[in-house]
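Participant: Predicted model, plus sequence, below.
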Amino acid sequence: MDHQIDITVSDHGREPDNGDRLLGGFEEVADNTDVVIEQNLESGRLTATFFIEAKSIEDAVREGIVAFASAAAAGGLGPSRVVAVSVAACTPEDAPELALA
């Protein structure tokens with residue numbers, strides 16, 4: 001089953017290029033994953049939203065965190081404080097309002 005993962009970190013959003021760097025990291029380590037990056041220059045928050053296939057929500061959380069961390073490292077972003085992680089078990093067909101654009 002597909003799971004939508006949203007991971008928000010607190011420290012990388014203030015630097016304008018970091019959103020593109022994170023997107024590039026996802027393209028490098030998981031080029032078959034559609035990802036949407038949201039960035040708030042004022043608050044410093046950077047959010048990645050993507051789908052991952054996993055047997056359970058627990059597996060999706062683990063795999064999503066690994067995917068995010070790998071993409072951040074590939075994009076040259078250092079460690080950051082995670083401020084939010086959310087997971088929704090669904091497919092784009094089951095919940096089109098959660099589907100990535």
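Facilitator: Great, that's in hand. Residues are numbered from 1 along each chain as shown.

Participant: what residues are up against residue 74?
Facilitator: 24, 25, 26, 28, 29 (CB atoms under 8 Å, 6 or more residues apart in numbering). Every C-beta, even on glycine, is put in place using the N, C-alpha and C of the backbone.

Participant: at 6 Å instead, please
Facilitator: Residues in contact with residue 74 (CB atoms under 6 Å, 6 or more residues apart in numbering) are 25, 28, 29.

Participant: So the residue nearest the centre of the chain versus residue 22, what's the distance?
Facilitator: The centroid of the chain falls nearest to residue 48 when counting by CA atoms, centre = their mean (2.9 Å). With distances taken as CB to CB, to the nearest Å, residue 48 is found 6 Å from residue 22.

Participant: Pick the one among the contacts of residue 74 closest to residue 56.
Facilitator: residue 29 (22.5 Å; CB to CB).

Participant: Quick one: neighbours of the nearest residue in space to residue 53 that is not next to it in sequence, just the number.
Facilitator: Excluding its sequence neighbours, the residue lying closest to residue 53 (CB to CB, 6 or more residues apart in numbering) is residue 2, at 5.6 Å. By the criterion of other CB atoms under 10 Å, residue 2 has 19 neighbours.

Participant: Residue 2 and residue 51 touch, don't they?
Facilitator: Yes. The criterion here is CB atoms under 6 Å, and residue 2 meets it with residue 51 at 4.9 Å.
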